[in-house]
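Engineer: Would you be able to build a 3D model of this:
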Amino acid sequence: MRDQLQTKEYFTQFILESQNRFHNADSKIQSLLEGEEIQGNLSILRHTAFQSRFETLLARYSRGDDISEIKESYLLGISSFENKYTSGNYSNYLQYIALSTLLNVDNASKIRLNKVLQDNGTNDALYNFLLFGKFEGRNWKFIEKYKNIIEADAEDREHLVKKLLSKWYVSNKSAYWYDFHKYTDRHLYFGYWALEIAALVKVLNIPDDSFKNHKYYPYDLVHFGG
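Structural biologist: Numbers count the residues shown, from 1 in each chain. Prediction:
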């Protein structure tokens, strides 16, 4: 177990329910594409397929699953991102891109992810930096705090990351998943992980001894080499 707020049994049930959601969505998408008359909106179904897959990956990480197996599932699910992506919901897609960095996905997969972004007119500097380590792009859409870490002197970065982590959860108060752990009567919570911060630590090779045990910091993902 990596998560500190729920049990292994809870996450197992969450994963089962989430897998059922995306399998059901996949089936309906296929039926719609084949011209069958069924109830369902293609855009909503594609959102469900992508979102449920991503939440399943995070829940599996929270449960303590092997990272190599999570990586395999991530790679298999990239097609759902290709079918779903629009320029909205920036923070959610940022975490998805960050996870690709933490999982050390191959360059061909990064190119696939980037093509989706480019085809939708997204030329975001932070996405580009996490995917390819290149500090370029039109936008710093998701607040200057990440740019500040990249531009900081190497010796100052660890302190800046530690400070950012201390405020990470509260800074996401507008996120759809905020406080999900409090809904104990339903399986909504899949874990809270500062993936975008962790990905910056990995790309910039920032020392993380001073915050490696922070409850939202996925330490073993940062140091995953598979």
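
Engineer: Show me which residues of the longest helix anywhere in the chain are buried.
Structural biologist: Assignment by DSSP state H gives helix 8-33 as the longest helix of the chain. Buried residues in helix 8-33, defined by neighbour count with 16 or more other Cβ atoms under 10 Å: 10-11, 14-15, 17-18, 21-22, 25-26, 28-29, 32. For glycine as for every other residue, the C-beta is placed from the backbone atoms N, C-alpha and C.

Engineer: residues near the closest residue to Phe14 other than its chain neighbours, how many?
Structural biologist: Nearest residue to Phe14, sequence neighbours excluded (Cβ to Cβ, 6 or more residues apart in numbering): His187, at 4.3 Å. Counted by other Cβ atoms under 10 Å, the residues lying close to His187 total 19.

Engineer: same question, the one 10 residues further on
Structural biologist: Residue crowding around Ile197 was assessed by other Cβ under 10 Å; the count is 25.

Engineer: start the count at 46, not 1, going forward
Structural biologist: Noted, 46 is the first residue going forward, which turns the last one into Ile242.

Engineer: Quickly note the distance from it to Asp230.
Structural biologist: From Ile242 over to Asp230 the distance is 31 Å, taken as Cβ to Cβ, to the nearest Å.

Engineer: ok, now Leu87?
Structural biologist: 31 Å.

Engineer: the more surrounded of those two?
Structural biologist: Shown here are Leu87 and Asp230; by other Cβ under 10 Å, Leu87 has more neighbours (12 against 5).

Engineer: quick one: what helix or strand has the residue of the chain most remote from its centre in it?
Structural biologist: Within the chain, Glu82 marks the point farthest from the mean C-alpha position, 33.6 Å out by Cα atoms, centre = their mean. Per DSSP states H and E, Glu82 falls between elements, in no helix or strand.
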